[in-house]
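**Q** Fold the following, please.
(chains A, B, C, D and E, ligands or ions: 4)
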Amino acid sequence: MTGWLGPEEWQAVALSLKVSLWAVALSLPFGIFIAYALARWEFRGKQVLNGLVHLPLILPPVVTGYLLLLTFGRRGALGGWLDETFGLVLAFRWTGAALAAAIMAFPLMVRAIRLAIEAVDPKLEEAAATLGAARLQVFATVTLPLILPGVIAGAVLAFAKAMGEFGATITFVSNIPGQTQTLPSAIYTFLQVPGAETAALRLVVVSVAVAMGALVASELLARRAIRRAAGA
Amino acid sequence: MTGWLGPEEWQAVALSLKVSLWAVALSLPFGIFIAYALARWEFRGKQVLNGLVHLPLILPPVVTGYLLLLTFGRRGALGGWLDETFGLVLAFRWTGAALAAAIMAFPLMVRAIRLAIEAVDPKLEEAAATLGAARLQVFATVTLPLILPGVIAGAVLAFAKAMGEFGATITFVSNIPGQTQTLPSAIYTFLQVPGAETAALRLVVVSVAVAMGALVASELLARRAIRRAAGA
Amino acid sequence: MSLSVDIAHPLAGFDLRVAFEAPGGITALFGQSGTGKTTVVNAVSGLLRPRSGRIVVEGETLFDAERRLHLPTHKRRLGYVFQEARLFPHLSVRQNLTYGLRFAPADAPGPSLDEVCDLLGIAPLLDRRPGGLSGGEKQRVAIGRALLSRPRMLLLDEPLAALDTARKQEILPYLETLRDQTDIPMLYVSHSVAEVARLATTVVVLEQGRVARTGPAERVLSDPAMVRQLGLREAGAVVPATVARHHDDGLTELSVSGGRLFLPAMDTAPGSPTRVRILAHDVIVARDAPTGLSALNILPATVLALRGGEGPGVIVQMQCGDDRLLARITRRSATALELAPGQQVYAVVKSVSVARTDVGAG
Amino acid sequence: MSLSVDIAHPLAGFDLRVAFEAPGGITALFGQSGTGKTTVVNAVSGLLRPRSGRIVVEGETLFDAERRLHLPTHKRRLGYVFQEARLFPHLSVRQNLTYGLRFAPADAPGPSLDEVCDLLGIAPLLDRRPGGLSGGEKQRVAIGRALLSRPRMLLLDEPLAALDTARKQEILPYLETLRDQTDIPMLYVSHSVAEVARLATTVVVLEQGRVARTGPAERVLSDPAMVRQLGLREAGAVVPATVARHHDDGLTELSVSGGRLFLPAMDTAPGSPTRVRILAHDVIVARDAPTGLSALNILPATVLALRGGEGPGVIVQMQCGDDRLLARITRRSATALELAPGQQVYAVVKSVSVARTDVGAG
Amino acid sequence: PARAADLTVFAAASLKTALDEVADRYSDRTGTRLRLSYAGSSALARQIQQGAPADLFFSANPGWMDVLEADGLLAPASRRDLLSNRLALIAGPGARTDLPRIAPGADLRGALGDGRLSMALVNAVPAGIYGKAALQSLGLWDQVADRLAQSDNVRAALRLVALGETPLGVVYATDAAAEPKVRVIGLFPPDSHPPIRYPVAIIAGADRPQARDFLAFLSGPQAGALFAAHGFTLTATETGPEAGE
Ligand SMILES: Nc1ncnc2c1ncn2[C@@H]1O[C@H](COP(=O)(O)OP(=O)(O)OP(=O)(O)O)[C@@H](O)[C@H]1O
Ligand SMILES: Nc1ncnc2c1ncn2[C@@H]1O[C@H](COP(=O)(O)OP(=O)(O)OP(=O)(O)O)[C@@H](O)[C@H]1O
Ligand SMILES: [Mg+2]
Ligand SMILES: [Mg+2]
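**A** Ligands and ions are numbered 1, 2, ... in the order given. Next up is the predicted model:
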C-alpha cells in the first residue's frame, strides 16, 4: 500500500484523520451542550445563537476561512491573545485546520443532536427526577443514552464533513505539506495540475474509503443504540 | 436598496434564491423517501445507498463538481441522454446549479429526516393501520405530520447549504451571470481582487440575512409542529 | 364458528400456543398478567404474524401460515382499543375520533360522533390535543376512536381498567347493546370478573401461553374449579332466566328454573331471556325456610357436593331446579347445619346482591 | 399533620383548587376520571408547580408560593408510580429497578432487590428490556422501581389498575405492611373502593378539581351520602375491631362494639386492633334472631334511619354497639319487615363476606 | 515548526507542475527541504498579511504582490518578476476544425456555435483578466461577452475545454501545453494584454541566506530551463520595487 500513495500523500491522509478526529472529539461536548440549550431552554438571543451555529453552512467556505484568518490568525484579535495566554497557535498549524473543520462541521453536528433531544420524551426525564436524579444526572443516565443514535449520527456527519472540508481550511491555514495539507487540499493541488486527475482520484478513493468505514461503523453503533433505546 | 447592490448583484441574489428553493423543493420528496428507506427498511445495498447519499459531504466540492460535470455535462453519460430525451440541459444552466446545490445539500436533508423518522413510535403507525389506513395513508396522516419538525430542519439545513454552495457549482456549471452566477460565486469573485473585501461583505450580509430569515421562520414553524406533535 | 384461533408463536422465554373457537358475540380473554392475552389480540389484529396456525373470523380467513396468507392489518377493519391509549398526538381529540371514518366504506353502519361523545362524556374535550388529557380521558377517547371506525370486529384490551365505576356503568350497557344488536365479534381482555360475566358469550382462560379452560361464559364462570383463577370473591354461578314481570316498587321479577328472583328494575321486556350471576359469596344456606328476613330471594335447593379447600371455607354446590348454585360458607357453619349431599336446604340470595353489573341479556 | 396540601392551579377549562390535611399513613385520592387526581399528585411530586398555595410533608415545606419555595423533584425523594409505567427503555429491567438506589442516601432503609422481585413476581424479567413486557409486567416493574428508590414518600397513581386479582392480592398486604411499619406517607390514587377501604387512613374525594369530602377512611366510606361516588355495590361501613382469638377451624374471632364477628384466619396477634369493612350489600336485616342459617355473624342492632333513593332500594342505617352499620335492602323488604327507626333488629353478615381485601389493620 | 534549514514557499496553484520539479532539483542539490503551499494567489497573499510562516511568495497575480509590498511585507529588494506567460486560444475535442486565426475581426462567435468560451473569472482571476483585456484590444470581446463560461481558476477553465463541455477556451500557454486533450489554435499577441508576470519575493522577516539562495536558484539557469520546458517565458530582468506597478 505504501507504494500506492507517496509519503506526502500518506502524510495528508494521516493529517486529515488527525484533524477530523480532533475536530469531532473536541467539538462534540459543545455540540451536545448547544443542541441541548437550543432544544430545551428558552433564553434571550436563542435565535442569534442558532444563527451563529448555522453561519458556516450559509457562508461560502472561503468567507468562513477568511473570517477565521482575521480572527485567529497570528495578527488576529483572538489569535494573538490565545498565543500569548495559552501558547496556543492555530494559524497555519494542524490545530487551525482542526478548528476550521470543527466550525464547518458544527451545524451538522448540532442539528442531528438537537433533533434527537427533541425526540426524547420529557416524561422519562421526569421519572428519573422523581427517583432522585439531579438535572445533570438525569442527563447522563437518561437523556444521553436515549440520544446516543443522534449523537453518533451527528459525530459521523461532522467527521465526514471534516474529512471533506477544503475551502475554509485552505483559506485559513493554507496548504503546507505535513502541517496543514489535508486530503482535500492535496486533492485540490492535484486538480490544479493538468492530467493529474488519476493522482487526485487515488486520494479521493482513500478519502471515500475512510469516511465510508466511519459511516458503516456508525450505522452499526447507532443501530445497536436504537435497539437499546427501543427497549426490545 | 437597489442603489446598495448593483443590478448584477441583485441578479445573483435572485438567482441564488431560485436555485436554492428549487434545489430544496425538488430534492425533498426524494430526501423523505430515502430517509424512510434507510430508517425503516432492510434491503441489500442499504449501506451502499447510505454511503452514496453521504458522498457529497465527504468529497471536496470540486471533486463533486467534477463528477457532476463528467456525468451531467453535455458530453456526460447522462447529460446527453437527458438532453436528447427530455430536452433538459443542465450544463451551464441554473438548472445545473440547482442540481449541484441539491446534491451537496442532500446528505444534510436525509440525515435530519431520518433521525426524525427513527424517533416516531411505530405503535402509533400500528394504531393507524388498525383503523384502516394503508401504508401510504399511514405515512401521510401519521408519520409525515410527526416528522414535520425533522423535515423542516432538513429542508432549512439544505436551503442554507444551497445558499452557501460554491465549489461544486462553479466547477460544474461555471459562472455565468444570470444563469449560474450565484451569491457565493459573486462573493468569491470579489475576494479574489485586492481591496474588494467590502463589496464581498455586502453580498455576505445579504446572503446571511436571507438564510437567517429562513432559519428563524423554520424555527417558528418547527416549534409549532413540535408543539402539535407533543399533543399539548 | 365465528371466531376461530389456532396459533403458535414461540418467543425467547415465552411460548404461545393457543387454540379456541367462539360463536360470535363477545369472547373474553382472561388470565394473569403476562399470560399472552395481548399477544393473542395482536395476532388477530394482524400486528403480529404468528409463526404458525390459522385465524378465521366470520368465515373469512385472516391468517393461514400454511397458505402463507396474512391479511394486512388495515384490511381487517378492526376497532382495536390498545392497553395503552396510543392516541395520535398531532391530532385533536375530534380528529383522533374521526380518523378511522375516512377509511371505512361509506355505507358501513355505526354510531355517530355525537353518540360516541355522549356515551363516553368526551364532548368537552373535542378541541383539545391528547397530550393534556388525564389517563381516563385518554382511554375514553381511544374507545371512541375504535367505535367510530366502523369496525367489522372489535378488539378491546382492558378498555375500562383506567375508568371509575360510574363511567364503567355507562359504557358496559353500550357494549352489551353492541353485542346484542350487531354481529360484530369482539375479543375482550379484562381482569374484572364482573365485566367478563356481564359481557362475555365465551370465556377463554389463558395460563402461561396456553388455553387453560374455554367455553360458554356461564359454564366457565360457574365452574368450582375456576375459583383459583377468578379469586374467591368472584366464584359463583351464572343462571339463565326469563324476565317475568316488572313490579311497581321498582323490582323486576325473573323466573329461573328453581323459582323466582327479584332484582332492581331491568329495562328488558317481559318474556326476554337473560342471565343472572349469583356469587357463591352472596348465598346463605338455611336448613329451614327463613322468615322475617330482608332477603327476598329464597330458593329451595338440594345439596350436591361440598368441596373444602385448605382454608376455613367450603363451597356448597346445590341443585336448584335445572341449575346449579354455589354457596361459599364456613366449615363451621357446614358442620353446624350438618350439611351433606342430598339434603334439602334453602338458598338465600339478597335481591340487591344480584347486582346490575352481573346481569347480562342473552 | 403529616401531609398538608393547599393549592390552586387554574388551567384553561380546568380549575384545580384543592386543600386537605392528612395524618400520615395512606391518603387515598378518589374521584372520577378527569377530576384532578393526577394533577394533585404531580404537584406533590414537584413535577407541577402550582400557581399558588403550600405543600407540607412531615413538617417539611416542599412548596410555598408566597415564599417562592419549590423544592426540586429530585430532592423530594419520592417513589412515584405513574399512571403509565414510564420505564427507561434503554435500561434492562434490573437497571430500571435499581436506578433510584444510587441517588438514595446509603443508610436509607428499604427492601432489597430480591424482596421486591419476589413480591412482584418479576424475577424472570430481570435481564429483559422493558419494550417487550406485557402491560401488567411493566406496571409491576414500575412499582418495584419506586419501592426500591428508598423513598421518603410514595406516590401511587392507580398502581394496580392493570393487574389481575391474584397479583393484587399479593401486593396489597405489602402496602399495608409499609403503611404500618414505616412512617412513609403515601398518596394513593385508585378507582377501586375495595383497595381504598383496605389501605387508606384518610380519603380525599375530588370532584371537578375541588375536594368534595375528606376525612378518616372509615368515616368517609361509611357515609351514606357517599353512595353515589362509591357506587351502590361499594357502600358500607368500616368498623374498628379487636382480634379476640384464632380458632382451630381456620376462623378468627374479632370483637366489635356490637358483638363478635368471625372471618377467615388473619395472621394478626390476638389483642391487635383492626378494621372490618361491612358492605351494605352484604348485610341482611332480620326481625327475629335467625337460626339454621349458614351465616355466622349475627349482630343485634337498632334501626336509626331509612334512606330511600329513586330506585327500589333502601339504605338502612343501624346502631350496633358503638358503631353504625349500613344495610341495603329492597323497599319491598323494608315494608314487609315494617322497619322503622328505633326498632330492634338483627344484622346478618356472612362471615366469609367480610372478605380479606376489606380488612385492614390499623 | 520548520527546521532552520527548511523553506516554506507560498506559490500560486497554477505554478505547481513546474515549481515541484524545480523544488525537487533544489532539494537534491542543497538538502534544504522545501515546503510548497499551493493555493490561489489571493488566499496566499491574505495569509501572508496575517503573518503566515512563508519565506517566499510566488504569485500569479502581480496585484496581490503589490498589496504586500505596499504593506511592507516583502523583504527589501527581493521582489522580481521571474516568469512570464502567454495566453492561448484552445479548442477541445468537440470543436469544429475550421477555426479562425486570432486576429481582429475573427469570427469567434461562429466558431463557438451554440457553445461557450471557457475562461477564468474575467474580473477576478489573472488569466481571466488578461484574457478579457486581450479580447477587448482585438475587438472580439463583444462577440463573446455573453457567451462566457467563467471558472474560479484557469485549470478549471482548461478542464471544461478538455472535456468538450466548451468548444473553445482562453488559458495560459503553459496550461495548454500540459493538457494533451486540447489543441492550441493560436497565441494572443503579447501586446494585446498587459504583460503576464509571475512575481516572486522574500517575505519580510524571512530574509535569511537560505531564502536568498533559493531565490537565486529560481532565477538561475537550471530553474529557468525547467520553467521553460513547461512553457513559461523567462523575464531575465530583475525588477526593483519601483518597477513593480
Ligand atoms: N419479544 C419478546 N421476547 C420475550 N418475551 C416476550 C416478548 N414479547 C412479549 N413477551 C412476553 O410474552 C408474555 C405475554 O405478553 P402479553 O403482552 O401477551 O401478556 P398479557 O397477557 O397481555 O399480560 P398483561 O395482562 O400484563 O397485559 C409476557 O410474559 C411478555 O413478557
Ligand atoms: N394543559 C391542560 N389544559 C387544560 N386542561 C388540562 C390540561 N392538563 C390537564 N387538564 C385537565 O385537567 C383535568 C385533570 O386531569 P388529571 O390528570 O389530574 O385527572 P385525573 O383525576 O388523574 O383523571 P384520571 O382518573 O382519568 O387519570 C382533566 O380534565 C384534564 O383534561
Ligand atoms: Mg396485555
Ligand atoms: Mg390520572
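**Q** now for the helix ranked longest in chain C, which elements pack on it?
**A** For chain C, the helix with the greatest residue count under DSSP state H is helix C:165-181. Using 3 or more Cβ pairs under 8 Å, 6 or more residues apart in numbering or on different chains; DSSP states H and E, the elements in contact with helix C:165-181 are helix C:113-120, helix C:135-148, strand C:186-189, helix C:193-199, strand C:359-361. C-beta: built from backbone N, CA, C; applies to glycine.
**Q** one more time with 10 Å
**A** strand C:26-30, helix C:113-120, helix C:135-148, strand C:153-157, strand C:186-189, helix C:193-199, strand C:359-361, helix D:227-230 (3 or more Cβ pairs under 10 Å, 6 or more residues apart in numbering or on different chains; DSSP states H and E).
**Q** any idea of the angle the longest one forms with helix C:113-120?
**A** Just to be clear, that refers to helix C:135-148. 140 degrees (axes from the mean of the first three to the mean of the last three Cα atoms, to 10 degrees).
**Q** May I have the secondary structure class of the residue lying closest to residue E:203 once chain neighbours are set aside?
**A** The shortest distance from residue E:203 to any non-neighbouring residue, by Cβ to Cβ, 6 or more residues apart in numbering or on different chains, is to residue E:54 (5.2 Å). Of the three states, residue E:54 takes coil under DSSP: H, G, I helix; E, B strand; the rest coil.
**Q** and the gap between residue E:54 and residue E:23?
**A** 14 Å (Cβ to Cβ, to the nearest Å).
**Q** returning to what we had before: can the longest helix of chain C be said to contact ligand 2?
**A** No: judged by Cβ under 6 Å from any ligand atom, helix C:165-181 makes no contact with ligand 2; its nearest approach is 8.9 Å.
**Q** Quick check: mean pLDDT of whichever helix or strand residue E:36 is part of?
**A** In this structure, residue E:36 is located in strand E:34-39 according to DSSP states H and E. Strand E:34-39 shows a mean pLDDT of 90.
**Q** Dump that strand to CSV, keeping only the CA atoms.
**A** The C-alpha coordinates for strand E:34-39 follow below in CSV (Å, rounded to 0.1, in the frame of the first residue of the first chain):
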residue,chain,number,x,y,z
LEU,E,34,11.1,22.9,0.7
ARG,E,35,7.5,23.1,1.7
LEU,E,36,5.3,24.3,-1.1
SER,E,37,1.9,25.5,-0.2
TYR,E,38,-0.2,25.9,-3.3
ALA,E,39,-3.4,27.9,-3.3
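**Q** What helices and strands are in contact with it?
**A** Counting by 3+ Cβ pairs under 10 Å, 6+ apart, strand E:34-39 packs on helix A:167-173, helix A:183-191, strand E:7-12, helix E:16-30, helix E:41-49, strand E:56-58.
**Q** just those: most buried one?
**A** The highest mean neighbour count among those, using mean count of other Cβ atoms under 10 Å in any protein chain shown, belongs to helix A:167-173: a mean of 30.
**Q** could you say what helices and strands that one packs with?
**A** Using 3+ Cβ pairs under 10 Å, 6+ apart, helix A:167-173 sits against helix A:7-40, helix A:61-72, helix A:94-118, helix A:183-191, helix B:183-192, strand E:34-39, helix E:41-49.
**Q** From the contact counts, what lies against the longest one?
**A** Think helix A:7-40. For helix A:7-40, the packing partners by 3+ Cβ pairs under 10 Å, 6+ apart are helix A:46-58, helix A:94-118, helix A:144-164, helix A:167-173, helix A:183-191, helix A:197-230.
**Q** So which bits of it are buried?
**A** For helix A:7-40, burial by neighbour count (16 or more other Cβ atoms under 10 Å in any protein chain shown) applies to A:9, A:11-13, A:15-17, A:19-24, A:27-28, A:31-32, A:34-39.
**Q** burial measure for the nearest residue to residue E:135 once chain neighbours are set aside, as a count.
**A** Nearest non-adjacent residue to residue E:135, counting by Cβ to Cβ, 6+ apart: residue E:141, 4.3 Å away. Around residue E:141 there are 17 other residues, counting by other Cβ atoms under 10 Å in any protein chain shown.
**Q** Now that residue E:141 has come up, it's in contact with residue E:109, right?
**A** No: counting by Cβ atoms under 10 Å, residue E:141 stays clear of residue E:109, with 11.2 Å between them.
**Q** can you list the helices and strands packed on helix A:7-40 in a markdown table and add mean pLDDT and distance to residue D:299?
**A** Output for those, formatted as a markdown table (pLDDT from 0 to 100; distance: least, Cβ to Cβ, whole Å):
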| stretch | mean pLDDT | distance to residue D:299 |
| --- | --- | --- |
| helix A:46-58 | 89 | 72 |
| helix A:94-118 | 93 | 64 |
| helix A:144-164 | 91 | 60 |
| helix A:167-173 | 89 | 92 |
| helix A:183-191 | 87 | 94 |
| helix A:197-230 | 82 | 59 |
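**Q** deepest of these, which one?
**A** Among these, highest average neighbours (mean count of other Cβ under 10 Å) belong to helix A:167-173, with a mean of 30.
**Q** Do you know the pLDDT at residue C:81?
**A** Taking residue C:81 on its own, its pLDDT is 94.
**Q** Check whether whichever strand or helix holds residue E:64 comes into contact with chain B.
**A** Per DSSP H and E: residue E:64 is located in helix E:62-70. Yes: for helix E:62-70, a contact with chain B is found by Cβ under 10 Å from any Cβ of the partner chain, at E:63, E:64, E:65, E:66, E:67, E:68, E:70.
**Q** Among those residues, which one lies nearest to ligand 3?
**A** Comparing the residues of helix E:62-70 next to chain B against ligand 3 with Cβ to the ion places residue E:64 closest, at 75.5 Å.
**Q** re earlier: of the helices and strands packed on helix A:7-40, which is nearest residue E:202?
**A** Taking Cβ to Cβ, helix A:167-173 is the member of the helices and strands packed on helix A:7-40 nearest to residue E:202, at 21.5 Å.
**Q** just how off-centre is the closest one within its chain?
**A** 15 Å (Cα atoms, centre = their mean, to the nearest Å).
**Q** ok, now stretch A:147-167?
**A** 6 Å.
**Q** Kindly report the same for stretch E:98-114.
**A** 25 Å.
**Q** Not counting that stretch itself, show me its contacts.
**A** B:74, E:87-89, E:91, E:94-96, E:117, E:134-135, E:137-144, E:146-147, E:166-168, E:170, E:183, E:185-189, E:192 (Cβ atoms under 10 Å, 6 or more residues apart in numbering or on different chains).
**Q** So among those residues, which ones count as buried?
**A** Looks like the contacts of stretch E:98-114 have B:74, E:87-89, E:91, E:94-95, E:117, E:134-135, E:137-138, E:140-141, E:143-144, E:147, E:166-168, E:170, E:183, E:185, E:188, E:192 buried, using 16+ other Cβ under 10 Å.
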